[in-house]
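Undergrad: fold the stuff below for me.
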Amino acid sequence: MADIDRIAAKIPVSLITGFLGCGKTTLISKLVLQPEMARAAVVINEIGEIGIDHELVTHSSENISVLANGCICCTIRTDLQESLRDLFGQRRAGRIPDFDRVIVETTGLADPAPIVQTLASDDMLSNHYRLDGVVTLADAVNIHGQLRAHPEAVKQLALADRILLSKGDLVTPVDLDAAKGEIQDINPHAQLLRCEMGDISAHMLTGLNPSTSRASADTLRFLGSSFETGEHTGSAYLGSRSGRHRDIDTLSLRFPDPFDWLRFNAAMDLIAALRGPDLLRMKGIVNIEGAAWVIQGVQHVFHPPVALDCWPTEDQTSRLVFITRGISESAINGVFAAVGAISKRQT
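TA: Numbering: from 1, shown residues only. Model prediction:
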């Protein structure tokens, strides 16, 4: 029997977040008109204006509508968990058109962490859906004040895999550079792109996390530019520490020796138990007794680990990115050392 690529078999979910007025609805309105999104399901909040109403043409249920180009639009009336379950159930029963992708738009005040956690912790959802990436829109005009007044805006940027800077045409070059600097200070790993009036190619918002267990050089992209090439940087044990903003740290760590699987789990469980609310996001490719595993988590919830069929490059060191609120390198190092998670490489 052929080996099933369990990652590729799951429906990718793209989370579109960003603070109030940043342009999420404008982006999605244009996104669903692109051919690449013709078989997408769009889950939106009923709060505020729904800018794609003019594209709705038929209704298959009270909550679900079919867009002109074949996309499915689902308005959240309960919670995301129930909406995704309902979408999958109706798809399986043939009551709505088939879809091969889900786009979720959050409200401007939403914390994206619980949504990411839902995809990992709900057994039914994790069997059928996978997180393709968190895309955060940032408003170049208002970002300075938002980051100081609203912790939600900081967290939306911190958890992002890709960040789109909108309204850059409405500020001076100096203010635009300042906005970029503030964003990169919070999240230096996420690629930052300009996006005016929602005009951006769909492929720039997809494929942000590993979509297959078949490893290639592209597999490293979800870790950010510091690890993308696989080059050995930083100290022999831990990588370099990134910038700081409102107590948000991004730590890029590299471990040359393999981990013991049970003890690695024990270390991560301990970090989550002690500092779960401050462990905003963790992702990495980890050497577990010689094999390559993709590990991802948000706060105290971790996605099921995925074994890659091989190493993406010749470099078999473990590479971990931690986005935290005030958790130091030494604290993480200390937990791994305390549980003896690292086993010396066999010679």
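Undergrad: any idea how far T107 is from G145?
TA: Counting by CB to CB, to the nearest Å, the gap from G145 to T107 is 19 Å. Quick note: C-beta positions are derived from backbone N, CA and C, even for glycine.
Undergrad: for Q299, that is, sorry about that
TA: Distance from Q299 to T107, by CB to CB: 20 Å.
Undergrad: again with I285
TA: Here the criterion is CB to CB. By it, I285 lies 33 Å from T107.
Undergrad: between those two, point out the one with more neighbours.
TA: Shown here are I285 and T107; by other CB atoms under 10 Å, I285 has more neighbours (27 against 17).
Undergrad: mind checking the pLDDT average for the helix or strand that one falls within?
TA: Following DSSP states H and E, the helix or strand that holds I285 is strand 279-288. For strand 279-288, mean pLDDT rounds to 92.
Undergrad: just checking, what packs against that strand?
TA: If you count contacts as 3 or more CB pairs under 8 Å, 6 or more residues apart in numbering; DSSP states H and E, strand 279-288 packs onto helix 113-121, helix 151-158, strand 248-255, helix 261-275, strand 291-298, strand 318-325.
Undergrad: helices along this structure, start to end?
TA: 24-31, 80-93, 113-121, 123-128, 143-149, 151-158, 173-186, 225-228, 261-275, 329-338 (DSSP state H).
Undergrad: residues of the second one that come out buried?
TA: In terms of neighbour count (16 or more other CB atoms under 10 Å), helix 80-93 has its buried residues at 80-81, 83-88, 90-91.
Undergrad: now render the helices and strands packed on strand 279-288 as a markdown table, adding distance to R221, mean neighbour count and mean pLDDT.
TA: Formatted as a markdown table, the helices and strands packed on strand 279-288 follow (distance: least, CB to CB, whole Å; neighbours: other CB atoms under 10 Å; pLDDT from 0 to 100):
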| stretch | distance to R221 | mean neighbour count | mean pLDDT |
| --- | --- | --- | --- |
| helix 113-121 | 18 | 20 | 87 |
| helix 151-158 | 19 | 24 | 92 |
| strand 248-255 | 14 | 22 | 86 |
| helix 261-275 | 23 | 17 | 89 |
| strand 291-298 | 12 | 21 | 92 |
| strand 318-325 | 12 | 22 | 90 |
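Undergrad: and these as TSV, adding distance to D175?
TA: Listed next are the helices and strands packed on strand 279-288 as TSV, based on distance: least, CB to CB, whole Å:
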stretch	distance to D175
helix 113-121	29
helix 151-158	17
strand 248-255	22
helix 261-275	35
strand 291-298	32
strand 318-325	26
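Undergrad: R130 is nearest to which of these?
TA: Of all the helices and strands packed on strand 279-288, helix 113-121 sits nearest to R130, with 7.2 Å by CB to CB.
Undergrad: got the contact list for the closest one?
TA: With contact meaning CB atoms under 8 Å, 6 or more residues apart in numbering, helix 113-121 is reached by 13, 15, 80-81, 84, 104, 106, 125-126, 129-131, 134, 155, 159, 280-281, 296-299, 301-304.
Undergrad: filter those residues down to the buried ones.
TA: Buried members of those, scored by 16+ other CB under 10 Å, are 13, 15, 80-81, 84, 104, 106, 125-126, 129-131, 134, 155, 159, 280-281, 296-299, 301-303.
Undergrad: didn't M204 look like it was pressed against R194?
TA: No. Using CB atoms under 8 Å, M204 is not in contact with R194, being 10.9 Å away.
Undergrad: per-residue pLDDT of N187, please?
TA: Note on N187: pLDDT of 89.
Undergrad: what's the burial count for it?
TA: Going by other CB under 10 Å, the residues that sit close to N187 add up to 28.
Undergrad: and the one 5 residues further on, by the same measure?
TA: Using other CB under 10 Å, the number of residues around L192 comes to 17.
Undergrad: could you do the one 5 residues further on as well?
TA: Counted with other CB under 10 Å, the neighbours of M197 add up to 12.
Undergrad: and the nearest residue to it once chain neighbours are set aside, how close does it get to C195?
TA: Spatial nearest neighbour of M197, chain neighbours left out: T26 (6.2 Å); criterion: CB to CB, 6 or more residues apart in numbering. Distance, T26 to C195, using CB to CB: 9 Å.
Undergrad: can you give me phi and psi for D122?
TA: The phi/psi pair for D122 (degrees, to the nearest 10) reads phi -80, psi 120.
Undergrad: list the contacts of it.
TA: D122 neighbours (CB under 8 Å, 6+ apart): Q81.
Undergrad: give me the pLDDT for V135.
TA: Taking V135 on its own, its pLDDT is 96.
Undergrad: which strand residues bridge it?
TA: Per DSSP bridges, residues listed as beta-bridge partners of V135: I16, R162.
Undergrad: go ahead and confirm it touches R162.
TA: Yes. At 5.1 Å, V135 counts as touching R162 under the criterion of CB under 8 Å.
Undergrad: between the two, who's got more neighbours?
TA: V135 (27 against 19).
Undergrad: what sits against that one?
TA: Contact partners of V135, counting by CB under 8 Å, 6+ apart, are 14-17, 160-164, 205, 208.
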